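Visitor: Got a predicted structure here, sequence first:
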Number of protein chains: 4
Amino acid sequence: MSRPRSDEKRKAILDAATRVIVTQGLSAPTAGIAKEAGVANGSLFTYFETKAELFNQLYLELKADMANAALTDLRPGVDPRQQLFQVWQRWMAWAMACPDKRRALAQLDVYGEITPETRAAGHRTMAAIADLLEDIRTHGSMRKVPMGFVVALLNSIAEATILAMAQDPAHARKRSNEGFDALWRAVA
Amino acid sequence: MSRPRSDEKRKAILDAATRVIVTQGLSAPTAGIAKEAGVANGSLFTYFETKAELFNQLYLELKADMANAALTDLRPGVDPRQQLFQVWQRWMAWAMACPDKRRALAQLDVYGEITPETRAAGHRTMAAIADLLEDIRTHGSMRKVPMGFVVALLNSIAEATILAMAQDPAHARKRSNEGFDALWRAVA
Amino acid sequence: MSRPRSDEKRKAILDAATRVIVTQGLSAPTAGIAKEAGVANGSLFTYFETKAELFNQLYLELKADMANAALTDLRPGVDPRQQLFQVWQRWMAWAMACPDKRRALAQLDVYGEITPETRAAGHRTMAAIADLLEDIRTHGSMRKVPMGFVVALLNSIAEATILAMAQDPAHARKRSNEGFDALWRAVA
Amino acid sequence: MSRPRSDEKRKAILDAATRVIVTQGLSAPTAGIAKEAGVANGSLFTYFETKAELFNQLYLELKADMANAALTDLRPGVDPRQQLFQVWQRWMAWAMACPDKRRALAQLDVYGEITPETRAAGHRTMAAIADLLEDIRTHGSMRKVPMGFVVALLNSIAEATILAMAQDPAHARKRSNEGFDALWRAVA
DNA sequence: CATGAATGAGCGTTCATTCAT
DNA sequence: GATGAATGAACGCTCATTCAT
């Protein structure tokens, strides 16, 4: 019965925030984000109560986007190594295709106001990857290592690989494979 | 332009900054750091021209402290695995012994104003570790992987391990060993 | 320009404003008043052009309510002291029975945007009291004092009495009588 | 050893606040007050932590100023009526001489953030008047009325008188005497 | 050189009012 | 007319940095 809250505008703000965070960091003014999104600065606060809330939701959105990309077309039946490799490749491909999202996510990961709840929800988006890794872990040399630690190792190796790929895009494919090999040796 | 009078005060400020960063993050006011250091807020700027300068120097100081700890008593002759293991152990021990320094360093690592020069200097403090790793690399499965990437993997696995240790100090030793084993499999 | 559709809604807004002013003061957001009234924030502005307009109308409404209560059943014939005492008693009774209205009115009285016109209209609602007082004045010690000042004294003594009653409701009746006695001595 | 906090600047801010409150009300921007005082807006906050703090201190300052003026040269020995009359005259004179202070004080009296402590301290500045009044009360028709109520009546009659004087300055003296007579009849 | 007051740009958020639905 | 999203000016307060003492 009135103008409905537009999902489009919400997305525009989130997208703008992604871009602005990349160029200006987490201390970027909300006014700048609003402007980049093409809305009035006050409007930002009809979609997100506070700056922290905006950043929490963006964190989740980006994490979900990443997980989504990584998990596309995962076929449960096949060889675990094959499956993990496919996830890995899609993950790395996402990182190269959406450098802004990746960078923004890296910054948000370190934002002081991301709540534990948000982080937990973020982890949940990657549950399918964790499941796959769990299968691998129980049959390999990390059989006795807690799952949480194995996941952390996966993440840290992925991050290092992404950084290396970004630093030298000409050899991105090579780095991706090397990173996966290292990962496989470490966890399988 | 010349070295400021009291090196003691400089240290006090750096120490205070470490503590304050841990509790308040990188956006902590310089006035707060000065107060924690027991000096006037204006004095901070006679020792460090800007906040960014302070944080750059602190970054270096902490990196050096960490490298120093890790490289203590390194004996060049012995088996590379032994050497790397010793470095690893001292590194992890430092992280557990100085949690503030570790946390502050982690934050500074993502501070937008750390200059490439500072980062380069930071890497240099770990040159001895890199040398050792280089030796290992050339004789193992990462023979064809660029050294920079291998170092990055070492760092990322170390970070993941430190976090896991901090999360569950009762099993810190176990995590440390598991982390080292994973590292060794990955890079050797 | 014409009277808006629902007088009921208008009342709801005025009532809500009364309540909200008591708890939040004159700086209470119009959105909060609208919500308390159960209407959309935009709707408030179809009934009252501006916040100031709303507050002016509320001021009048409350003043009229108060005067109305005070003047109920006034019998013109009887002894002026009796008449004034009845007015006084009903006035005090109203203040104790509708503390929200009283408090809101007290706040509105100092609201910067109450126009002279509104204030004049407010005075008119109390004209009957003024007439009665005029009768008393001309026969007593304030014979030579301008009527406006006498009315002001009545009001100020009433306000002080109401406050004292509110502060110690157990002795409200006593305060009321003491206040009236003081008033009578002052003006008769 | 550094620039000392200047009492002059503090006074300048309080004076500026007085003037600005009179013209713009309590919602006047702190920036405007600072500008009027000839200091940077940030400086205001080195002298007063918050706007509310500034207003509380101003309230006290003005109350004290008023009490001071009213109590000048009070001679304890003489006839209570004489004493009260002198206080009354000085009080009214102050109100006419410093209309800004009076108006600002009237507004502050109604400011939502004046703390009970500030109000209590304000009352204490008028303790000598209360003492004098107490003496009068115990010997007159308000013998059985609580002191607090008598003080409230004094204040309310004074306020009404001041307003009437301000409205018609040509007859200020007359109003002052009429007000005092009414007061004396009411409380003595 | 030490101190801490002075400065003023800048920020997150609010809110009266307007307007698309 | 009713709704509530959209708007953008405004505000209180912070804080890196400068400067008078």
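Guide: Thanks, I have the structure now. Treat the numbers as computed from the prediction; the structure is a model and nothing was measured.
Visitor: Which of the helices or strands spans the residue nearest the centre of chain A?
Guide: Nearest residue to the geometric centre of chain A (C-alpha atoms, centre = their mean): A:Lys63, 3.5 Å. Of the helices and strands defined by DSSP states H and E, A:Lys63 is found in helix A:51-71.
Visitor: Over to A:Leu14?
Guide: Assigned by DSSP H and E, A:Leu14 falls in helix A:7-24.
Visitor: list the helices and strands that helix packs on?
Guide: Packing partners of helix A:7-24 (3 or more C-beta pairs under 8 Å, 6 or more residues apart in numbering or on different chains; DSSP states H and E): helix A:30-37, helix A:41-47, helix A:51-71, helix A:99-108. The way it works is simple: take the backbone N, C-alpha and C, and place the C-beta from them, glycine included.
Visitor: Which of these sits closest to chain B?
Guide: For those, proximity to chain B was assessed by C-beta to the nearest C-beta; helix A:99-108 is nearest, at 6.9 Å.
Visitor: is that closest one up against DNA strand E anywhere?
Guide: No - contact of helix A:99-108 with DNA strand E (C-beta under 7 Å from any atom of the strand) is absent, the minimum separation being 13.9 Å.
Visitor: what comes into contact with that helix?
Guide: Residues outside helix A:99-108 that contact it (C-beta atoms under 8 Å, 6 or more residues apart in numbering or on different chains): A:17-19, A:21-22, A:25-26, A:55, A:58-59, A:62-63, A:65-66, A:94-95, A:114, A:159, A:162, A:166, B:110.
Visitor: again, but for stretch A:69-89
Guide: A:90-91, A:93-94, A:126, A:128-129, A:132-133, A:135-136, A:139, A:158, A:176, A:179-180, A:183-184, A:188.
Visitor: Buried only: go through those for me.
Guide: The neighbour count (16 or more other C-beta atoms under 10 Å in any protein chain shown) marks A:90-91, A:93-94, A:126, A:129, A:132-133, A:136, A:158, A:176, A:179-180, A:183-184, A:188 as buried among the contacts of stretch A:69-89.
Visitor: Next, give me the two most distant ones among these.
Guide: Taking C-beta to C-beta, the two most distant members of the buried ones among the contacts of stretch A:69-89 are A:Trp94 and A:Ala188; they sit 23.0 Å apart.
Visitor: picking that back up, where does confidence bottom out across the buried ones among the contacts of stretch A:69-89?
Guide: Within these, pLDDT reaches its minimum at A:Ala188, with 89.
Visitor: where does the residue found closest to that residue once you drop the neighbours it is linked to in the chain fall, phi/psi-wise?
Guide: Leaving aside its sequence neighbours, A:Ala188 sits nearest to A:Gly140 (C-beta to C-beta, 6 or more residues apart in numbering or on different chains; 4.2 Å). Main-chain dihedrals, A:Gly140, degrees, to the nearest 10: phi -130, psi -160.
Visitor: and A:Gly140, how many residues sit next to it?
Guide: Neighbour count for A:Gly140, taken as other C-beta atoms under 10 Å in any protein chain shown: 17.
Visitor: Touching, it and A:Val187? I think so.
Guide: Yes - using C-beta atoms under 8 Å, A:Gly140 makes contact with A:Val187 at a distance of 6.4 Å.
Visitor: Now do the contacts for A:Phe180.
Guide: Contacts of A:Phe180 by C-beta under 8 Å, 6+ apart are A:Leu84, A:Phe85, A:Trp88, A:Gln89, A:Thr161.
Visitor: and which of those is nearest to chain D?
Guide: A:Thr161 (47.6 Å).
Visitor: The closest one is in what secondary structure piece?
Guide: Going by DSSP H and E, A:Thr161 is in helix A:147-167.
Visitor: Give me the nearest residue to A:Arg134, chain neighbours excluded.
Guide: Wrong residue type there; residue A:134 is Glu, not Arg. A:Met147 (5.8 Å).
Visitor: Next: A:Lys63.
Guide: A:Gly122 (4.2 Å).
Visitor: While we're on that neighbour, how confident is the model there?
Guide: pLDDT at A:Gly122 comes out at 96.
Visitor: Ok, A:Ser6 next?
Guide: On the pLDDT scale, A:Ser6 gets 88.
Visitor: Report the contact partners of A:Gly179.
Guide: A:Trp88, A:Met92, A:Ile157, A:Ala158, A:Ala160, A:Thr161, A:Ala164, B:Phe149, B:Leu153 are the contacts of A:Gly179 under C-beta under 8 Å, 6+ apart.
Visitor: Next, the angle from the helix or strand hosting it to helix A:147-167.
Guide: Per DSSP H and E, A:Gly179 falls inside helix A:172-187. Orientation check (axes from the mean of the first three to the mean of the last three C-alpha atoms, to 10 degrees): helix A:172-187 against helix A:147-167 gives 160 degrees.
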